[in-house]
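the following comprises the amino acid sequence and a computationally predicted model.
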Amino acid sequence: MLKVENLEKNFGTIKAVDGISFEVRKGEVFGLLGPNGAGKSTTISVISTLLPPSGGVILFEGKDIFADPKAIQRKLGVVPQDIALYPTLSGYENLSFWGNLYGLSGGELKKRIDEVCEIIGLNGRIKDRVDKYSGGMKRRLNIGAALLHMPELLIMDEPTVGIDPQSRNHILDTVLALSRQGMTIIYTSHYMEEVEYLCSRICIMDQGRIIASGSKDELVEMISGKTMIGLQMESIDQELLNSLGSMEGIDRIEQQENQIQIRCENADLILADIIARVTASGNHLRSVAVKKPNLEAVFLHLTGKALRD
Ligand SMILES: Nc1ncnc2c1ncn2[C@@H]1O[C@H](COP(=O)(O)OP(=O)(O)OP(=O)(O)O)[C@@H](O)[C@H]1O
Ligand SMILES: [Mg+2]
């Protein structure tokens, strides 16, 4: 449905998007996962034809999107990261405004607004002014605005940042429900658990590049058989790091402030020895956690840093 080939976007000397390629298939929920500044919003702005690319091609159903941007805009629904609503108007009036922009009016507009209110669960409050809404309700209204013209492809840019858990769950359920009805969705986030939950395929972005892509299982397979041992310490000295570094059966050791992350094949074989070395070093241990690999671990493995720093 959507094919992105060698996309580049520079802002002066900043390479916000640095030659990325991916394909979104009809009917899937496609995840774009990456930390702050990875280039997710820039990628979305170019796909939405709001920004011209510095290089590369984007094809929607085989056609270059910049050949006829208006035609593409009708097929896309974009939920921007920054909320775009009129605070002094009601939810209903905001939806009317967006509906008019998409060319909807009269009975058709009213019908679509009613349907959208049902989807986003704002029925009871839709006549209230938007400045009386919670952050989560505003986000839901923003999603509603992108759904009015029944887009074929819905692009959501971090739609759950900074909202209450109830609204967050509602949004995640909405994404799944829309997907079940056949809508294709690009879901951008830096919460790996959301992407794990929603997406059939995932691209992990960092510093303008795609560092890994595939299904969740394929990504986790990249570090299969590896287990992470996390040690939370009172303090860490070089002697302890040297001692752990000399052990057999350890792939990699990372230190972040008072935490040590150890990647190994089999925690059972080495955990007792690790704890003995920590105790002998005189550095106090606060807690130990043994984790099976997840997307967070994949990201750590590929970049050497945590997703949420
Ligand atoms: N209009 C702009 N002018 C200059 N630099 C920009 C502009 N927009 C984005 N950038 C830079 O491009 C890089 C990628 O930014 P982008 O907003 O695409 O990241 P992101 O993955 O969406 O991050 P976040 O999770 O914080 O939203 C950053 O270094 C950012 O500072
Ligand atoms: Mg962004």
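Yep, that arrived. Ligands and ions are numbered 1, 2, ... in the order given.

now name the helix or strand holding S21.
S21 belongs to strand 14-24 when assigned by DSSP states H and E.

list the contacts of that strand.
Residues from elsewhere that reach strand 14-24 (C-beta atoms under 8 Å, 6 or more residues apart in numbering): 1-10, 30, 39, 42-43, 46, 53, 55-56, 153, 184, 186, 203, 205, 207-210, 213. For the C-beta atoms, the positions are set from N, CA and C on the backbone; glycine is no exception.

give the PyMOL command for selecting the buried subset of those residues.
A single PyMOL command selects the buried members of those (16 or more other C-beta atoms under 10 Å):
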select buried, resi 1+2+4+7+8+9+30+39+42+43+46+53+56+153+184+186+203+205+208+210+213
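
parallel or antiparallel, which strands does the strand holding S21 pair with?
Sheet pairing here is set by DSSP bridges, and for strand 14-24 it gives strand 2-11 (antiparallel).

can you confirm whether the strand it pairs with lies near ligand 1?
Yes: counting by C-beta under 6 Å from any ligand atom, ligand 1 is contacted by strand 2-11 at F11.

rounded mean pLDDT for that strand, please.
Mean pLDDT, computed over strand 2-11, is 97.

quick one: the strands in the stretch 101-250 of the chain?
153-157, 184-189, 201-206, 209-214, 227-233, 250-256 (DSSP state E, counting those that start in this stretch).

what about G245, neighbour count?
12 (other C-beta atoms under 10 Å).

got the contact list for it?
G245 is in contact with I253, counting by C-beta under 8 Å, 6+ apart.

between the two ends of stretch 112-126, what distance do you get?
End-to-end distance for stretch 112-126: 14 Å, by C-alpha to C-alpha, to the nearest Å.

centre of the chain to it, how far?
Computed by C-alpha atoms, centre = their mean, to the nearest Å, the chain-centroid distance of stretch 112-126 equals 25 Å.

and K291, how far from ligand 2?
Distance of K291 to ligand 2, computed by C-beta to the ion, to the nearest Å: 27 Å.

give me phi/psi at S90?
phi -80, psi 170 (degrees, to the nearest 10).

how near is it to ligand 2?
Counting by C-beta to the ion, the gap from S90 to ligand 2 is 28 Å.

what's the burial count for that residue?
Neighbours around S90, by other C-beta under 10 Å: 18.

kindly report the same for S287.
Other residues near S287 come to 9 when the count uses other C-beta under 10 Å.

what does K15 give?
So K15, with other C-beta under 10 Å, has 17 neighbours.

a markdown table for the strands of the stretch 101-250 of the chain, including distance to D82 and mean pLDDT?
A markdown table is the format used below for those (distance: least, C-beta to C-beta, whole Å; pLDDT from 0 to 100):
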| stretch | distance to D82 | mean pLDDT |
| --- | --- | --- |
| strand 153-157 | 9 | 96 |
| strand 184-189 | 13 | 96 |
| strand 201-206 | 19 | 92 |
| strand 209-214 | 24 | 90 |
| strand 227-233 | 35 | 90 |
| strand 250-256 | 30 | 90 |
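
how about the residue in the chain positioned nearest to ligand 2, secondary structure?
Minimum separation of the chain from ligand 2 (C-beta to the ion) falls at S41, amounting to 3.1 Å. Of the three states, S41 takes helix under DSSP: H, G, I helix; E, B strand; the rest coil.

got the contact list for the closest residue to T174 other than its chain neighbours?
Excluding its sequence neighbours, the residue lying closest to T174 (C-beta to C-beta, 6 or more residues apart in numbering) is I119, at 6.1 Å. By C-beta under 8 Å, 6+ apart, the residues touching I119 are 144, 147, 174, 177-178.

and with 10 Å instead?
Residues near I119 by C-beta atoms under 10 Å, 6 or more residues apart in numbering: 140, 143-144, 147, 174, 177-178, 181.

where does the residue of the chain closest to ligand 2 land on pLDDT?
S41 is assigned 95 on the pLDDT scale.

how's the chain carved up into domains?
For the chain, automatic domain parsing gives the domain ranges 2-220, 225-292.

and of those domains, who's closest to G304?
domain 225-292 (6.5 Å; C-beta to C-beta).

so what strands line up beside the helix or strand just after the strand holding S21?
Sequence-wise, the next helix or strand downstream of strand 14-24 (DSSP H and E) is strand 29-33. In the sheet, strand 29-33 lines up against strand 184-189 (parallel), strand 201-206 (parallel) (DSSP bridges).
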